[in-house]
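Enquirer: structure, please.
(chains A and B)
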Amino acid sequence: MTQPITHHPSSYRDPSGFIFEKDGTIYRQVNKSFKEHFDHFIESGCYKHLIEKGLLIPYEQVNQNLTGDSNCYRTLKPEKISFISYPFEWSFDMLKDAALLTLQIAREALGYEMILKDATPYNIQWYKGRFIFIDTLSFEKYNETPWVCYRQFCESFLGPLLLMHYSKQSLQQLQLAWPEGIPLAVIKSFLPWRSRFFLHMYLHIHLHADIAGKSKSKNETAKTFSKQKLLNLISSLEILIRKLKLPDQKSTWSGYYEEASQRSDYLEVKKNIINQWLNEIPAVKTAADMGANDGVFSSLLAEKAIPVIAADFDPYCINNLYTSIKISKERNIQPVLIDLSNPSPAIGINNEERNSFISRLDADLILALAVIHHLAIGKNIPLKKVAELFHKAGKYLIIEFVPKEDDKIKLMLRSKQDIYFNYTEDEFIHAFEEYFFIVKKQQITGSLRTLYLMKKRNQ
Amino acid sequence: MIHPFLLYVDPGSGSYLVQVIIAAVLGIVFFFKNIKLYIRSFFFRSKKQKDNPPD
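Expert: Next up, the predicted model:
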């Protein structure tokens, strides 16, 4: 039966069109009011150019008005994005590349007398192993005015990158606190005093914040702004962003596998068991590797052409994974920065604009390898709650149980009191059996750990 | 003319004015940078030509 259309809860700002869902497919309506800009976008060759360069998501035109809306000019069916992720789930280099992509698109569009009117990181998504721009309606005819989304760019891309660069910390949480961009005055107040001695930084943040803060009452009229000036502005932002970096830091977890691999052939045995089980699970089309570290097991699935969401809470691991994907051009792994004990919440108007991590995730297979003890012992989360988390996330689960006698747990318990009397394999089975059927179980030879293959119970 | 989409994407008061000022500064900066690059490329090219004399 045909279902009615549903407006996407995050697509309400732009009067030029909107995203909607019908029968499980995502469409984009172009409104009549945007006809002139959209026609120019297509006829000038701007769309074709951006598609050929792989910068913009392609769409198919649907020759039907699916909404029945009299304001409908065109209906587009964009290629599907398999998993939507948000900037507060990206590592430093991911946000940096998303920023540079936005600037590149703005520059390329100018060559076709078009200007990018929206510079939010939410318009960038992960598609076939890299970032791509998804908003086809963000281009309008260039009319010699300054860049309408310049401040938006500075607040939502440049600001977070600068704060991370100077503090040498991963501060993705700030983007969750200010999803529309961190106010310039806030960015300025957090930056060290010396930062004003760098010309591009002084101009885009310090001067920008001062002038924007002072002229609130003035009624601004758009000034004439030549294309060369706009290109200079973009170049200046590019120069600044290219210089930013997060220092290489050995985090707690980077180098984990190097160390783990020294423990006999632990990793190899684990890989063999998983490989064997993968053949027995029916049609795995999507997977999520929870606690992916640098993605050794995500790669195992990716090699079998299974798209994997590689989630980890360590920003350095995710950043390393991202940079290695950039080099290897692996298309099936999507790195995301997620703390399983506090996954991204739903945010925005009515808490519907951006969905929570758990509600976005619907994987056929979840890998939870060497992660249970970090949640149960590291974060004091009851096993039942961990089981509930994985139950919400996917249909099949491959989970590794790490017993208390394991060296890693002994190490953890050295610095904290052992209050984990319920952390036993029996309790683990008991907690998980409420949510899953245990299909298989195998001890990892050479270690005390056991792998479980489980199938979700429908509750 | 006020931009037609000012109402839905707030470019922020002052951000137009600041762009005009920044563009003026950048115009001067890039002008001198281009001269520097031109001179550098001139020397680099002439040095290269010296190193590889034509047959």
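
Enquirer: helix or strand: which one has residue 19?
Expert: Unless you meant another one, I'm taking chain A. Using DSSP states H and E, A:I19 sits in strand A:17-22.

Enquirer: could you do chain B instead?
Expert: Here B:Q19 is assigned to helix B:15-51, by DSSP H and E.

Enquirer: likewise A:G213?
Expert: A:G213 belongs to helix A:208-214 when assigned by DSSP H and E.

Enquirer: in chain A, which residue is most central in space?
Expert: A:S85 (3.2 Å; Cα atoms, centre = their mean).

Enquirer: so that residue versus chain B, what's the distance?
Expert: 22 Å (Cβ to the nearest Cβ, to the nearest Å). Using the backbone N, CA and C atoms, a C-beta is placed for each residue, glycine as well.

Enquirer: skipping its backbone neighbours, what lies nearest that residue in space?
Expert: Spatial nearest neighbour of A:S85, chain neighbours left out: A:V336 (5.2 Å); criterion: Cβ to Cβ, 6 or more residues apart in numbering or on different chains.

Enquirer: hmm, A:P58 and A:I51 touching each other?
Expert: Yes - at 5.2 Å, A:I51 counts as touching A:P58 under the criterion of Cβ atoms under 8 Å.

Enquirer: thinking again about what came up before, and the residue nearest to A:S85, how many residues sit next to it?
Expert: Applying other Cβ atoms under 10 Å in any protein chain shown, we find 26 residues neighbouring A:V336.

Enquirer: do the same with A:S359
Expert: So A:S359, with other Cβ under 10 Å, has 12 neighbours.

Enquirer: Provide the secondary structure category for it.
Expert: Assigned state for A:S359: helix (three-state reduction, DSSP: H, G, I helix; E, B strand; the rest coil).

Enquirer: and it, what does it touch?
Expert: Residues near A:S359 by Cβ atoms under 8 Å, 6 or more residues apart in numbering or on different chains: A:A346.

Enquirer: check the one 10 residues further on too.
Expert: Residues in contact with A:L369, defined by Cβ under 8 Å, 6+ apart, are A:270, A:289, A:291, A:297, A:398-400.

Enquirer: mind putting those residues into CSV with secondary structure?
Expert: Compiled in CSV, the contacts of A:L369 are given as follows (three-state DSSP):
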residue, secondary structure
A:K270, helix
A:D289, strand
A:G291, coil
A:F297, helix
A:I398, strand
A:I399, strand
A:E400, strand
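
Enquirer: which one among those residues gets closest to chain B?
Expert: Nearest to chain B among those: A:D289, at 36.7 Å, using Cβ to the nearest Cβ.

Enquirer: distance check, A:L110 against B:A24.
Expert: Distance, A:L110 to B:A24, using Cβ to Cβ, to the nearest Å: 19 Å.

Enquirer: more crowded one of the two?
Expert: A:L110 (19 against 12).

Enquirer: in what helix or strand does A:K385 lie?
Expert: Remark: A:K385 resides in helix A:383-393, with elements defined by DSSP H and E.

Enquirer: any chance of the contacts of A:L369 in a markdown table, plus distance to A:H373?
Expert: Output for those, formatted as a markdown table (distance: Cβ to Cβ, whole Å):
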| residue | distance to A:H373 |
| --- | --- |
| A:K270 | 15 |
| A:D289 | 17 |
| A:G291 | 10 |
| A:F297 | 17 |
| A:I398 | 16 |
| A:I399 | 11 |
| A:E400 | 9 |
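
Enquirer: what's the closest of the residues you listed to A:L184?
Expert: Distance to A:L184 across those (Cβ to Cβ) is lowest for A:G291, with 36.6 Å.

Enquirer: neighbours of the closest one, how many?
Expert: 24.

Enquirer: list the contacts of it.
Expert: Contacts of A:G291 by Cβ under 8 Å, 6+ apart are A:311-313, A:340, A:368-371, A:374.

Enquirer: take these and keep only those in strands.
Expert: The strands, defined by DSSP state E, take in A:311-312, A:368 from the contacts of A:G291.

Enquirer: who does the strand holding A:I19 pair up with?
Expert: Next to strand A:17-22 in the sheet, as set by DSSP bridges, lie strand A:6-7 (antiparallel), strand A:25-31 (antiparallel).

Enquirer: distance from the chain centre to that strand, please.
Expert: A distance of 22 Å separates the centroid of the chain from that of strand A:17-22, by Cα atoms, centre = their mean, to the nearest Å.

Enquirer: what is the burial count for A:E352?
Expert: A:E352, neighbours per other Cβ under 10 Å, totals 12.
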